[in-house]
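**Q** return atomic coordinates for the entry below.
(2 chains)
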Amino acid sequence: MADVTLLGETLEAIYRSRWSFHTVRAAGVARGERHRLWVSRPDRVRAEYDRENGTSVIVRANRQWWTWHPDHGGMHGNDEEVGLGEEGALIHLLDPTPLLRVARLEAAGEAEALGRRAAVLRAVPRSEDEVIEPGWHLRPEGLELAIDLERGITLRAGDVRLTEVAFDEDVHPGLFVLEYPPGEEPRQARIVPPRVLDLADASSLMEFTVLVPGALPEGSRLVRCTVPGEGRPEGLHLVYVVDPGALHTIEVSQGPRVAAEERTAWTDWRTVARDGVELQVREDTSETWYRAMALLERHGTAAVVSSDLPLETVIAIARSLEPAP
Amino acid sequence: MSELADLLELLHTSDRQWRTVRLAGREWRHEARLLEAFRRGIPRRRGAVAVFGHGSATPEPTERDERWALWVAPDRRVRAEFSVGHEQLVAVLQDDRWWHWSPSTGGQTNAADSGERGSHGTGPGSAPLETASILPALSFEITGRVETAGRRAMAVTATPVPSARDLRVPSGLHGIGSGADEYRLLVDAERGVLLRSEARLRGEPFRVLEVEAIGFDEEMPPETFVLKLPRAQEFSLPPEYRDVPVERLPGEVPFTVLVPEHPPVAEDPAESVEPPRQATIMPPAPRWSIPLHVHLTYQLGPGRILTLRESAEPMPVRAAGVLTAGRHAGRPGSDHEPAGRERPAAPRGDARGARGCGDVA
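**A** Purely as a prediction, here's the structure:
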């Protein structure tokens, strides 16, 4: 067997990077911005990023995570419900193993980086297109990397580079808990599903006149009546389907915020009049999609009717809206 | 000097170690274990199947042992011969164009419309050449040196490792068998090609790919990459499915499409209620005895759908769990009973007028 080539040695280092350290403390620059990173395997991460008006922080401990942003404040969550996703601009440097599969790696020579022995590699996508793996974006023209030959991590990848790195130091456990400034209450990242209610119960909760269609296509049935999941219910959403086959839907959203929200959500509303009743209407059309919407205010309530049925049918349904019994 | 570095470099650079390659070999599968291993990487969901009408059930063999061959040359020229279902097909590929022949489909090609008509698979012979794809997913232990198919090889035992970052199920292993506990590999010591791979589940093999003949850098006559059809046959465009608006279905298929009078809607209020605006018209697939049929899909929430599959002719019904010894069964795995973890999709066999539902949790 011949002596191991620089490429072979580098591939082995990358391969062993999964087991080559327990903790890392690193600092680096990504696209001209300064970042810091602490990792304690298998699942503790702290990433800091200096912005003009402060430092943003991301902390992960197993599936729990916390973030702080100088503009947007604090947020915390759990991957079971809402994934964190972003873990800073440096963390992918610690795991170049995805490149073994998607890139063709070629050794260009040895170098020293941060006082460490490194191999300089050229990484080119194996496919003809660009490659996007978690943290890695390889364009057809390729990317130059510096791989630490002892630990297998990436010291430099294009315009992202480490400026400092230390392995297997004791990392204070407090780094993986995010302390918020006094008085700052982080928001919880979670999905709050709407509440399903009986139409009569929902109507009794509303502080506005609830409208229901007085005329619907034959075969229509109400399949859902929902109000917002938290807080005082400020709106009501009704969904009807048209049988047989539930082949069409008719949705009615109403509440004090509907008029303002719908009018700003779309810029192509136009006013039509039918038998002296003015409504605003719009349509979305594509090869496989059609949706007509009609907005009107009646009895002090703004309501928008939305359906895949023809516009004139939607207008007729909107015109038939009347106070719920 | 490191044997591991040598192995990793061989696997990473294998596709640069030859100009042309000719391979022939076999693929052996234990169907029940293969399915069980594959399902390990898929989150479990509940589901049910009900059949109205009639179909015909064909018992599946416990094991399959099939031949394949592959020729690869510069300029993305490929010839592949392999089994699909119960027949052997031949495909020739050049760049994005392909020509294909099998007894049930006759000659087909996308040459007139390669941008829109997709790609063509090259069968099990590709996996021995796509060695870089397994690198991030496996931990390797070199166990010895052997000779196979007239080539010197490194014997390697490999075990899957989750990604260091996100603990995902390893990817890149589909070609040699997803979901294995362990892989036993023979890696060509000069060119890095996988001469043999054996995917194992609980100590027993479920998929074996074996190269029996191999030639590197041979001159390949141009006709290798020309597909000649039997006399009087011509190439046609491959049939493709079509999405059509539901209301246009009556004019598009020669049978009445039925819809449930009051179908369920998504129970989760966070999910929108989506009517099936499009139906999919699927062309007949004689290879699988599948007639022209229509798919109509209701979205019932994340990962939950109700699909109606309707046809005028009987659909084949797969009798889950009824596995019999195949013609070529016998090696290298022992002839075990199927895992039997799956309840049969009801009903089996001639399902005329049936109305039952069976969980396939």
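**Q** got any ranges where the chain has weak pLDDT?
**A** In the absence of a named chain, this looks at chain A. Scanning chain A for pLDDT under 70 picks out the ranges A:1-3.
**Q** actually it's chain B I care about, not the one you picked
**A** Applying pLDDT under 70 to chain B flags residues B:1, B:41-59, B:114-117, B:162-170, B:317-361.
**Q** could you pull out the helices for it?
**A** Secondary structure of chain B (DSSP state H): helices located at B:3-13, B:31-39, B:249-252.
**Q** which of the ones you listed sits closest to residue A:312?
**A** Evaluated with Cβ to Cβ, the helices of chain B place helix B:249-252 nearest to residue A:312, the distance being 23.2 Å. Quick note: C-beta positions are derived from backbone N, CA and C, even for glycine.
**Q** correct me if wrong: residue B:100 contacts residue B:88.
**A** No. Using Cβ atoms under 8 Å, residue B:100 is not in contact with residue B:88; the gap is 11.7 Å.
**Q** and those two? Which one has more around it.
**A** Between residue B:100 and residue B:88, counted using other Cβ atoms under 10 Å in any protein chain shown, residue B:100 has the larger neighbour count: 21 against 16.
**Q** which residue sits closest to the more buried one, ignoring its sequence neighbours?
**A** residue B:91 (4.6 Å; Cβ to Cβ, 6 or more residues apart in numbering or on different chains).
**Q** likewise for residue B:89?
**A** residue B:102 (3.8 Å).
**Q** with residue B:70 instead?
**A** Leaving out its chain neighbours, the residue that sits closest to residue B:70 by Cβ to Cβ, 6+ apart is residue B:125, at 3.2 Å.
**Q** quick one: the one you found and residue B:90, what's the gap?
**A** Going from residue B:125 to residue B:90 by Cβ to Cβ, to the nearest Å gives 12 Å.
**Q** now swap in residue A:128 and tell me
**A** 26 Å.
**Q** those two - which one has more neighbours?
**A** A count of neighbours by other Cβ under 10 Å puts residue B:90 above the other of residue A:128 and residue B:90, at 17 against 6.
**Q** for the more buried one, give the beta-bridge partners.
**A** As for beta bridges, residue B:90 partners with residue B:81, residue B:101 under DSSP bridges.
**Q** that one against residue B:78, yeah?
**A** No. Applying Cβ under 8 Å as the test, residue B:90 and residue B:78 come out as separate, 11.4 Å apart.
**Q** quick one: residue A:9 is in a strand?
**A** No. Going by DSSP: H, G, I helix; E, B strand; the rest coil, the assignment for residue A:9 is helix, not a strand.
**Q** by proximity to chain B, which residue of chain A wins?
**A** The nearest approach of chain A to chain B comes at residue A:245, 3.1 Å away (Cβ to the nearest Cβ).
**Q** tally of neighbours for the closest residue to that residue other than its chain neighbours?
**A** Nearest non-adjacent residue to residue A:245, counting by Cβ to Cβ, 6+ apart: residue B:259, 3.1 Å away. Counted with other Cβ under 10 Å, the neighbours of residue B:259 add up to 18.
**Q** tell me which residues touch residue B:227, please.
**A** Contacts for residue B:227 were tallied using Cβ atoms under 8 Å, 6 or more residues apart in numbering or on different chains; they are B:90, B:91, B:92, B:99, B:100, B:101, B:107.
**Q** quick one, which of those are buried?
**A** The neighbour count (16 or more other Cβ atoms under 10 Å in any protein chain shown) marks B:90, B:91, B:92, B:99, B:100, B:101, B:107 as buried among the contacts of residue B:227.
**Q** and the gap between the residue nearest to the third one when sequence neighbours are not counted and chain A?
**A** Think residue B:92. Spatial nearest neighbour of residue B:92, excluding adjacent residues (Cβ to Cβ, 6+ apart): residue B:227 at 4.4 Å. According to Cβ to the nearest Cβ, to the nearest Å, residue B:227 and chain A sit 24 Å apart.
**Q** just to revisit the earlier point, thought the residue nearest to residue A:245 was touching residue A:244?
**A** Yes. Residue B:259 is within contact range of residue A:244, at 5.6 Å (criterion: Cβ under 8 Å).
**Q** bridging residues for residue A:270?
**A** Using DSSP bridges, the bridge partners assigned to residue A:270 are residue A:281.
**Q** my guess is it contacts residue A:280. True?
**A** Yes. Taking contacts as Cβ under 8 Å, residue A:270 lies within contact range of residue A:280: 6.8 Å.
**Q** more neighbours, the two?
**A** The neighbour count for residue A:270 versus residue A:280, taken as other Cβ under 10 Å, is higher for residue A:280 (19 against 9).
**Q** could you list every residue that touches the spatially most central residue of chain B?
**A** Nearest to the geometric centre of chain B sits residue B:123, at 8.3 Å (Cα atoms, centre = their mean). Shown in contact with residue B:123 (Cβ under 8 Å, 6+ apart): B:68, B:70, B:80, B:81, B:82, B:83, B:91.
**Q** skip the chain neighbours and tell me the closest residue to it.
**A** Nearest-residue entry for residue B:123: residue B:82, 3.0 Å, with adjacent residues in sequence omitted and distances by Cβ to Cβ, 6+ apart.
**Q** what about the one you found, how many neighbours?
**A** Residue B:82: 20 surrounding residues under other Cβ under 10 Å.
**Q** sorry, back to before: tell me the one of the contacts of residue B:227 nearest residue A:171?
**A** Minimum distance to residue A:171 across those is 54.9 Å, recorded for residue B:91 (Cβ to Cβ).
**Q** how far away is the closest one from chain A?
**A** Separation of residue B:91 from chain A (Cβ to the nearest Cβ): 20 Å.
**Q** thought that residue was touching residue B:107?
**A** No. Under the criterion of Cβ under 8 Å, residue B:91 makes no contact with residue B:107, lying 10.8 Å away.
**Q** what residues are shared contacts of the two?
**A** By Cβ under 8 Å, 6+ apart, residue B:91 and residue B:107 have these common neighbours: B:99, B:100, B:101, B:227.
**Q** check which helix or strand the closest residue to residue A:227 other than its chain neighbours maps to.
**A** Leaving aside its sequence neighbours, residue A:227 sits nearest to residue A:233 (Cβ to Cβ, 6+ apart; 3.8 Å). Counting by DSSP states H and E, no helix or strand carries residue A:233.
**Q** which stretches of the stretch 51-200 of chain A form helices?
**A** Counting by DSSP state H, counting those that start in this stretch, one finds helices in the stretch 51-200 of chain A at the ranges A:98-102, A:199-205.
**Q** turn these into a markdown table, columns for distance to residue B:11 and mean neighbour count.
**A** Compiled in a markdown table, the helices of the stretch 51-200 of chain A are given as follows (distance: least, Cβ to Cβ, whole Å; neighbours: other Cβ atoms under 10 Å in any protein chain shown):
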| stretch | distance to residue B:11 | mean neighbour count |
| --- | --- | --- |
| helix A:98-102 | 9 | 22 |
| helix A:199-205 | 62 | 14 |
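**Q** CSV for those, including distance to chain B?
**A** What follows is the helices of the stretch 51-200 of chain A, written out as CSV (distance: least, Cβ to the nearest Cβ, whole Å):
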stretch, distance to chain B
helix A:98-102, 4
helix A:199-205, 12
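**Q** can I get those in JSON lines with distance to residue B:310?
**A** Output for these, formatted as JSON lines (distance: least, Cβ to Cβ, whole Å):
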{"stretch": "helix A:98-102", "distance to residue B:310": "42"}
{"stretch": "helix A:199-205", "distance to residue B:310": "35"}
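**Q** and residue B:19, how close does it get to residue B:222?
**A** 16 Å.
**Q** for residue A:84, that is, sorry about that
**A** According to Cβ to Cβ, residue A:84 stands 55 Å off from residue B:222.
**Q** residue B:82 now?
**A** 22 Å.
**Q** residue A:306 too?
**A** According to Cβ to Cβ, residue A:306 and residue B:222 sit 60 Å apart.
**Q** can you pull out the strands in the stretch 151-300 of chain A?
**A** Remark: strands assigned in the stretch 151-300 of chain A by DSSP state E, counting those that start in this stretch are A:154-157, A:160-167, A:187-188, A:195-196, A:211-213, A:220-227, A:236-242, A:248-254, A:270-274, A:277-285, A:290-298.
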